[in-house]
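Novice: Next input, structure requested:
(chains A and B)
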Amino acid sequence: MRYLLLIYGRELEEAPPDDVAAASHAAYAAFSADVKARGLFLAGEALTPTSTATTVRIRDGEIVTTDGPFAETKEALGGFYLIEARDLDEAIETAAKIPAAQEGSIEVRPIWELPAEYAMAEAAASEARAGG
Amino acid sequence: MTVRSEDPVAVAERLFREEQGRAVATLIRVLGDFDLAEEAVQDAYITALETWPARGVPDNPGAWITTTARNRAIDRLRRRRVLAEKAELLGRQALIEEELAAIDPDAALDGADAMSPIVDDRLRLIFTCCHPALAMDARVALTLRTLGGLSTPEIARAFLVPEATLAQRLVRAKRKIRDAGIPYRVPDDHALPERLDGVLRVLYLVFNEGYGASTGDRLIRRELSAEAIRLVRVLASLMPDEPEVLGLLALMLLHDARRETRTGPAGELVLLEDQDRSRWDRTRIDEGQALLERVMRMRRVGPYQLQAAIASLHDEAPSSAATDWAQIAALYRVLGEMQPSPVVELNRGVAVAMADGPEAGLALVDRVAATGQLDDYPYLHSTRADLLRRLGRRAEAADAYLAALALTANEPERAFLNRRIAELGRATA
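Specialist: Residues are numbered from 1 along each chain as shown, chains lettered A, B, ... in the order given. Modelled structure (predicted):
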C-alpha cells in the first residue's frame, strides 16, 4: 500500500543557526537514504514556511485567494514522504524514524487507490483533450 | 457427558460462543473480510441451534463450527459470484474458495498447542482488534464482538451507549482496518512487547468494566468479566512464555474470587475489610495462586504480576488485620518504581498505614496530595480523612471527608461519607 507521511512541526520564527540546520539536514539525509535503500521511497519534499502559502477557493464563481495556510495551527505542514509499505505497521515504523517525529508529529494517511473506473474516465478525458 | 441441569439450547449457545472465535479468526484471514466472516459464522450459529439441542453437541464443536461456517462462506461467495461481473473479482473469489476448501478444521486446533509453530488465527485477530491505530473504545468493542462473540446489543448495554452508536463504532473500526492497511498478523519480535502490552490493556479494561460496581446491568457486567478471563486464557494458551499474560490472568482470577462479596444487597460497595471472606471463591484463588507461583519462577517481573501478588496476599489473609501489609507496601513500592503513578503511591500509603501506623501512612499520602495530581480523585481525600480521623485530628478529618463528598456521585458512598462527617460532629451538605 502507498502511504503519505505528512510532517507537522512548529515553524521557526527565524532561520536556525548553521550548526542546527546542518544537523537537521544530516538527519533527513540519513532517513531518506534509509527508506530508499529499503525500497519504500516513492517521493518526498520539504515545503517552504506557511508564510509563503496561499489558499485558493472558488466562491460565487470567483477565485478567492487568502494569504496563509488553510488552517492556522500550532504545528504546520512542513514536508512529506510518499512511501510504499507492506501495511500500516511498516508505515508507522517508518514514520517514527522521521526526525520531526521527535518534536512534531507525523500524520500517516493511506493513499486512496481509485477504482478502475476513474482511470478509464481519466484516459477518456485525455483523449478528448488530444482530439480537441 | 451431558449436563442435565442445563437447558440444551443454553448449552448450545454457550458452547458456540466459547468455540466460535477460532472459526471467525480463520475465516477473516482467508476472506480478508470481517463482515463476510461474521455472517458465515452467524449462519453456522443458526444451524447449530437447529441441530445441536436435538442431536447432541458434536465431539469437536470448534472444528464443526469452522467446517460449517467455511461451507456457508463458500455458499455466500458463490451467490455473490452470480452478481459479480468483473473478471478480476471472479479470479480472486476462485482463489479464496480454493483456500476455504483447504482449511483443515483440526489443523486449527493444533495451533493452540504451545509446541506448534503454526500461528493460531485467533492470535492474529487479537492483535488486529487491539491495534493502537484504532481508538480504545473501538478496540474494546471489536475484540468483544469478533473474538468474544458478544452481540452488538450486549456490548452496547455493557458500556451504556446506544446500540446505533456501538454499531457505527464497529463499522468505522472495520473500515479503518481495511482502508488503512492494519495488518492481520502477530507483530514482529521487536514490536511484540509493546503491542502485547496494548492487547493486555484492552482485556484488563474489559475485565474492570465488568468488575466495577458503578452502574449498568449486573448480568452483562458479570458476562464482561467472564469474557475477559476467557480471552486471557486463550492468550495464555497461545503465548505461554509471556509472564505478563499469565500475570494478568492470575490478577483477574484473584480479584474475581471476591466478586460476590464486593457489593451488598442494595448494590452498595462493601470495603475489603468488611467483606465476608468465607464467601470468597476458593477455586478461583487456588488457580490464581498456582499461576502466580508458576509465573514468578520465570523471573521476569511486570506490573500485572505485582498486582496479582498483592491481590493474592489479600485473598489468603483471614482478616484485614491479619493481612501481610508490610509485604503489600513493599510490592506497591516496586510497582511504583516500575510504573510511577500517584494512585499506586496512594495505595502504598494505605498499606504503610496498616503496617506501620496511620502517621507513617499519612506522611506518604500527604506527599501525594501535595503534587496536586489527584485533587479530583475522591479516594485521595477519603483516605486522608480516614488517617486523620484515626490520629484524632477531627477538624482536618471532617474537612477531608467534605472534600471527598464534593467529588462523589455514588449514593451509597455519599451515605458512608455523610455518616463519618456526622460522627465527627460536623454538619453536612
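Novice: For the chain, give me the ranges with low pLDDT.
Specialist: I went with chain A, as the question did not name one. A:132 (pLDDT under 70).
Novice: actually it's chain B I care about, not the one you picked
Specialist: Checking chain B against pLDDT under 70 turns up B:1-5, B:82-90, B:106-119, B:212-218, B:427-429.
Novice: Next up, the contacts around the closest residue to chain B within chain A.
Specialist: Of all residues in chain A, residue A:87 sits closest to chain B, at 3.9 Å by CB to the nearest CB. The way it works is simple: take the backbone N, C-alpha and C, and place the C-beta from them, glycine included. Contact analysis of residue A:87 by CB atoms under 8 Å, 6 or more residues apart in numbering or on different chains lists A:1, B:181, B:182, B:183.
Novice: Quick check: closest non-adjacent residue to the closest residue to chain A within chain B.
Specialist: Proximity of chain B to chain A (CB to the nearest CB) peaks at residue B:183, 3.9 Å away. Excluding the flanking residues, the one nearest residue B:183 by CB to CB, 6 or more residues apart in numbering or on different chains is residue A:87, at 3.9 Å.
Novice: distance of the one you found from residue B:131?
Specialist: Using CB to CB, to the nearest Å, residue A:87 is found at 10 Å from residue B:131.
Novice: do the same with residue A:2
Specialist: Distance from residue A:2 to residue B:131, counting by CB to CB: 19 Å.
Novice: now swap in residue B:393 and tell me
Specialist: Taking CB to CB, one finds residue B:393 at 51 Å from residue B:131.
Novice: For the two, indicate the residue with more neighbours.
Specialist: residue B:131 (25 against 16; other CB atoms under 10 Å in any protein chain shown).
Novice: thinking again about what came up before, closest to residue B:421 out of the contacts of residue A:87?
Specialist: Residue B:421 lies nearest to residue B:182 out of the contacts of residue A:87, by CB to CB, at 51.9 Å.
Novice: what sits against the closest one?
Specialist: A:87, A:88, A:89, B:128, B:131, B:133, B:134, B:176.
Novice: ditto for residue B:361
Specialist: So residue B:361 contacts B:349, B:350, B:351, B:352, B:353, B:354, B:387 (CB under 8 Å, 6+ apart).
Novice: That one - nearest residue in space that isn't next to it in sequence?
Specialist: Per CB to CB, 6+ apart, closest to residue B:361 is residue B:353, 2.4 Å.
Novice: CA atoms only for the helix or strand encompassing the one you found, dumped as CSV, please.
Specialist: For residue B:353, the element it lies in under DSSP states H and E is helix B:342-356. The C-alpha coordinates for helix B:342-356 follow below in CSV (Å, rounded to 0.1, in the frame of the first residue of the first chain):
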residue,chain,number,x,y,z
PRO,B,342,0.1,8.7,42.1
VAL,B,343,-2.7,6.1,42.6
VAL,B,344,-0.1,3.4,43.2
GLU,B,345,1.6,5.7,45.7
LEU,B,346,-1.7,6.4,47.4
ASN,B,347,-2.3,2.6,47.8
ARG,B,348,1.2,2.2,49.2
GLY,B,349,0.3,4.9,51.7
VAL,B,350,-2.7,2.8,52.8
ALA,B,351,-0.6,-0.3,53.2
VAL,B,352,2.1,1.6,55.1
ALA,B,353,-0.6,3.0,57.4
MET,B,354,-1.8,-0.6,58.1
ALA,B,355,1.7,-1.9,58.7
ASP,B,356,3.4,1.0,60.5
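Novice: Residue B:296 and residue B:305 touch, don't they?
Specialist: Yes. Contact criterion CB atoms under 8 Å: residue B:296 and residue B:305 qualify, at 6.9 Å.
Novice: out of these two, which sits in the more crowded spot?
Specialist: When neighbours are counted by other CB under 10 Å, residue B:305 comes out ahead of the other of residue B:296 and residue B:305, with 24 against 17.
Novice: The more buried one belongs to a helix?
Specialist: Yes. Residue B:305 sits within a helix when classified using DSSP: H, G, I helix; E, B strand; the rest coil.
Novice: now it: how far from residue B:313?
Specialist: 13 Å.
Novice: cool, residue A:95 as well?
Specialist: For residue A:95, the distance to residue B:313 - CB to CB - is 44 Å.
Novice: higher neighbour count, those two?
Specialist: residue A:95 (22 against 17).
Novice: Not counting sequence-adjacent ones, nearest residue to that one?
Specialist: Per CB to CB, 6+ apart, closest to residue A:95 is residue A:106, 4.2 Å.
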